[in-house]
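K.L.:
fold the following.
(3 chains)
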Amino acid sequence: MRVVSDTMRLETGPEMQVVDVTGDVASRLEASGLRDGIATLFVQGSTAAVTTVEYEPGLVHDLATAFEKIAPRRGEYRHDERWGDGNGHAHVRASLLGPSLTVPFAGGKLALGAWQQIVFVDFDPPPRSRELAVQFLGQ
Amino acid sequence: MRVVSDTMRLETGPEMQVVDVTGDVASRLEASGLRDGIATLFVQGSTAAVTTVEYEPGLVHDLATAFEKIAPRRGEYRHDERWGDGNGHAHVRASLLGPSLTVPFAGGKLALGAWQQIVFVDFDPPPRSRELAVQFLGQ
Amino acid sequence: MRVVSDTMRLETGPEMQVVDVTGDVASRLEASGLRDGIATLFVQGSTAAVTTVEYEPGLVHDLATAFEKIAPRRGEYRHDERWGDGNGHAHVRASLLGPSLTVPFAGGKLALGAWQQIVFVDFDPPPRSRELAVQFLGQ
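P.N.:
Reported below is the predicted structural model:
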């Protein structure tokens, strides 16, 4: 049993960005040489999150619509009043969606469905350089 | 330290289905012989999710009401326009609730509260045959 | 590779409480002597949850506002009709936010961002004594 800890750097554009990181995670898993265990993805920051989705432009838009309902970009946030960041909505959305995702793997393969991708969701309006922790633990 | 990877097959009915899988997970944990570690549940698909709930019909209904507010079944989805699946709401709901759940166990027992059950939530309208990855990692 | 299982007891006040447990988790990790692996936090109960947030009073308020929209405190819940607990909203919110959080650690340090704290969110209106499972698995 071993632990392989790594970090993925992501450069995101403006507005809500949904980045498919599945291929990158799968390559790193292969490079680790581990066959059975768990992949843990963890966003190091409080305005982005990870989940899975069938990655296609329609759903990326539909997800944004749902988040606009839950925590609208132009809503009123105490965080913005206090800090003037203008990203209160991004913090609320990120906390709701959550920073961590755990994907089991067996036989060297991530246990994903055929139309299911791992995505990094950046809710912060300005382009950002981001860090996503990627850790494999297994044998 | 060992890894035991398994898959649970679930046949779900029409509309939003909330299936209590706690007993099944506990039986598999017992069969694994592991005493201390983590149970990872992961939905292999993009229109279902896992969480915990006090499993009783009232809350199953209340959860459905909340999701109807966040991503209404009869809402407009780009995913539906493009693919004609009619399940855009199911994709959005599943991404929000999330495909993974990690439950620690100690002394061979899952760390659940007295009125807390592990549930598989299928958001896809038609009845489906589903796969839920169940993996135990520990000693 | 070892597993260290523990429980954190939290005494929460009235209404939605957001408790920063980062320092406590970091101390327990240090005490475990583990350097690389995962920290699993799991709420033992169905009316509280865990996530991360930039912990400051403005965002605590903003999170409460978002949850009031998703599952209002004074809404109608079948759970309340049946059980008279008056906490249907707390159950729905907890299931949505989720009971588990997995934080990788490397070199003895939790992989958190600079302004990112691990928080326990108690949605149950009355003050409660709560248990949060904290488990470290690694080497």
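K.L.:
if I pick the closest residue to residue A:35 other than its chain neighbours, what's in contact with it?
P.N.:
Leaving aside its sequence neighbours, residue A:35 sits nearest to residue A:108 (CB to CB, 6 or more residues apart in numbering or on different chains; 4.9 Å). The way it works is simple: take the backbone N, C-alpha and C, and place the C-beta from them, glycine included. Applying CB atoms under 8 Å, 6 or more residues apart in numbering or on different chains, one finds that residue A:108 lies in contact with A:29, A:30, A:34, A:35.
K.L.:
quick one: which two of those residues are the most distant?
P.N.:
A:30 and A:35 (10.4 Å; CB to CB).
K.L.:
which residue ranges of chain A form strands?
P.N.:
A:2-12, A:17-20, A:37-43, A:48-53, A:100-106, A:109-110, A:117-122, A:128-138 (DSSP state E).
K.L.:
closest one to chain B among these?
P.N.:
In terms of CB to the nearest CB, the element of these nearest to chain B is strand A:100-106, at 3.8 Å.
K.L.:
give the partner strands of that closest one in its sheet and their orientations.
P.N.:
strand A:37-43 (antiparallel), strand A:109-110 (antiparallel) (DSSP bridges).
K.L.:
by residue count, what's the longest helix in chain A?
P.N.:
Assignment by DSSP state H gives helix A:57-70 as the longest helix of chain A.
K.L.:
what angle separates that one from helix C:57-70?
P.N.:
Here the directions of helix A:57-70 and helix C:57-70 differ by 110 degrees (axes from the mean of the first three to the mean of the last three CA atoms, to 10 degrees).
K.L.:
and helix A:57-70, anywhere near chain B?
P.N.:
Yes - using CB under 8 Å from any CB of the partner chain, helix A:57-70 reaches chain B at A:57, A:58, A:59, A:61, A:62, A:63, A:66, A:69, A:70.
K.L.:
buried ones among these?
P.N.:
By neighbour count, with 16 or more other CB atoms under 10 Å in any protein chain shown, the residues of helix A:57-70 next to chain B hold A:58, A:59, A:61, A:62, A:63, A:66, A:70 as buried.
K.L.:
rewinding a little: dump the strands of chain A into CSV; add mean pLDDT and distance to residue C:124 as well.
P.N.:
Formatted as CSV, these follow (pLDDT from 0 to 100; distance: least, CB to CB, whole Å):
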stretch, mean pLDDT, distance to residue C:124
strand A:2-12, 96, 36
strand A:17-20, 96, 33
strand A:37-43, 98, 28
strand A:48-53, 98, 25
strand A:100-106, 98, 24
strand A:109-110, 98, 36
strand A:117-122, 98, 29
strand A:128-138, 96, 32
